[in-house]
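got a sequence here, can you model it:
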Amino acid sequence: MNQSTNQLIYTLQLADNALILGHRISEWCGHGPVLEQDIALTNTALDHLGQARSFYQHAAEQFNLMPAEVKKQQFASPALQQKIDKGENLDEDDLAYLRDGWDFRNVLLVEQPNKDWAYTVVRSFFADVFNFYFYKELQKSKDAVLAAIAEKSLKEVTYHLRWSSEWMIRLGDGTEESHERMQTALNERWAYSGELFEMSAADKAMAEAGIGVDIAAIKPLWDAHVDGILQEATLEKPANKWMQSGGKDGRHSEHLGYILAELQFMQRAYPNMEW
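Sure, this is the predicted structure:
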């Protein structure tokens, strides 16, 4: 793949992670255990949506600058292929609503179901620790737009990390039932944490170009932070070393299909509709 394709895929990885995680968290709106946490999660979902919008806008700009023959190679979605054939530019909405599941590049962790509060907290905790260190490094990107998005997002992610860390400790070191629920969620979600540090071809190319982040380098920071919180929460780190993967290459669990069916329904049913 050439540099422009790698850069587009890299930006879409970041956008898709933010969009899908934000959508999952938004499912708690109106269903939180207490009003304060319902509002907190709704605001967190909006933070992720704002990050996704910024990344999608940047990805659309990158895509629209590509030659026509290169554009045709980027997406399998028939809806996008039709727009490309007509010579139309794509925008953030096209990238969110008109791509099919195999065109999404998010990690499998963020598409996993909420299940209960423990599963939601553990999933957010893994992602929040990663995002905190990732955005700190992305601020150094040679891509000024990515650096600016990272700087703004880091302020939001710092709060997200504090929130999920506090809940890990509160429930892990709480009652016998809350501890058991947290340990069960931790054991089941652990296999999805490894893909956060799996270097795709786009990750490698962008890191070498000084545009992206060497995520292998932040793995020790993630491990140390996670270990510290788990110890405080009296939770046992799973010994399983086998990890799920495939999301960055467009191979997803069945859960993404259900998310997209809900997320994209309106635009698919009524093409080009506007509020």
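
show residues contacting stretch 213-233.
125-126, 129-130, 132-134, 137-138, 141, 165, 168-169, 171-173, 182, 186, 196-197, 199, 203, 206-207, 236-237 (C-beta atoms under 8 Å, 6 or more residues apart in numbering). From N, CA and C alone the C-beta is placed, and that goes for glycine too.

run a quick neighbour tally on the closest residue to residue 257 other than its chain neighbours.
Once flanking residues are discounted, residue 257 sits nearest to residue 101: 5.6 Å by C-beta to C-beta, 6 or more residues apart in numbering. For residue 101, the neighbour count with other C-beta atoms under 10 Å is 18.

quick one: low-confidence parts of the chain?
1, 32, 35, 275 (pLDDT under 70).

mind listing the helices for it?
Here the chain has its helices, by DSSP state H, at 3-26, 35-64, 68-71, 78-85, 92-97, 117-138, 144-172, 176-189, 201-208, 215-232, 254-263, 265-269.

let's have those in JSON lines, adding distance to residue 248.
As requested, the helices of the chain are exported to JSON lines (distance: least, C-beta to C-beta, whole Å):
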{"stretch": "helix 3-26", "distance to residue 248": "6"}
{"stretch": "helix 35-64", "distance to residue 248": "15"}
{"stretch": "helix 68-71", "distance to residue 248": "21"}
{"stretch": "helix 78-85", "distance to residue 248": "20"}
{"stretch": "helix 92-97", "distance to residue 248": "16"}
{"stretch": "helix 117-138", "distance to residue 248": "13"}
{"stretch": "helix 144-172", "distance to residue 248": "17"}
{"stretch": "helix 176-189", "distance to residue 248": "18"}
{"stretch": "helix 201-208", "distance to residue 248": "8"}
{"stretch": "helix 215-232", "distance to residue 248": "11"}
{"stretch": "helix 254-263", "distance to residue 248": "13"}
{"stretch": "helix 265-269", "distance to residue 248": "25"}
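
residue 107 is nearest to which of those helices?
helix 3-26 (6.2 Å; C-beta to C-beta).

what's the angle between that closest one and helix 201-208?
110 degrees (axes from the mean of the first three to the mean of the last three C-alpha atoms, to 10 degrees).

for helix 3-26, packing partners?
In terms of contacts (3 or more C-beta pairs under 8 Å, 6 or more residues apart in numbering; DSSP states H and E), helix 3-26 is packed against helix 35-64, helix 92-97, helix 117-138, helix 201-208, helix 254-263.

change it to 6 Å
Helix 3-26 sits against helix 35-64, helix 201-208, with contacts defined as 3 or more C-beta pairs under 6 Å, 6 or more residues apart in numbering; DSSP states H and E.

only the buried residues of the first one, if you could.
Within helix 35-64, the residues that count as buried by 16 or more other C-beta atoms under 10 Å are 40-42, 44-45, 47-63.

quick one, it and helix 117-138 angle?
40 degrees.

what angle do helix 35-64 and helix 78-85 make?
Using the same axes, to 10 degrees: helix 35-64 against helix 78-85 is 40 degrees.

same thing with the last one?
Counting by the same axes, to 10 degrees, helix 201-208 points 50 degrees away from the direction of helix 78-85.

which helices and strands sit right next to helix 201-208?
With contacts defined as 3+ C-beta pairs under 6 Å, 6+ apart, the packing partners of helix 201-208 are helix 3-26.

distance from the helix it packs on to the middle of the chain?
6 Å (C-alpha atoms, centre = their mean, to the nearest Å).

what's near enough to touch the nearest residue to residue 146 once chain neighbours are set aside?
Excluding the flanking residues, the one nearest residue 146 by C-beta to C-beta, 6+ apart is residue 138, at 5.9 Å. Applying C-beta atoms under 6 Å, 6 or more residues apart in numbering, we find residue 138 in contact with 146, 150, 213.

so which of the residues you listed is the closest to residue 269?
Distances from residue 269 to those, taken by C-beta to C-beta, are shortest for residue 146, at 33.7 Å.

for that closest one, give its distance to residue 249.
22 Å (C-beta to C-beta, to the nearest Å).

so between those two, which is more surrounded?
Here residue 146 and residue 249 are compared on neighbour count by other C-beta under 10 Å; more neighbours surround residue 146, at 25 against 13.
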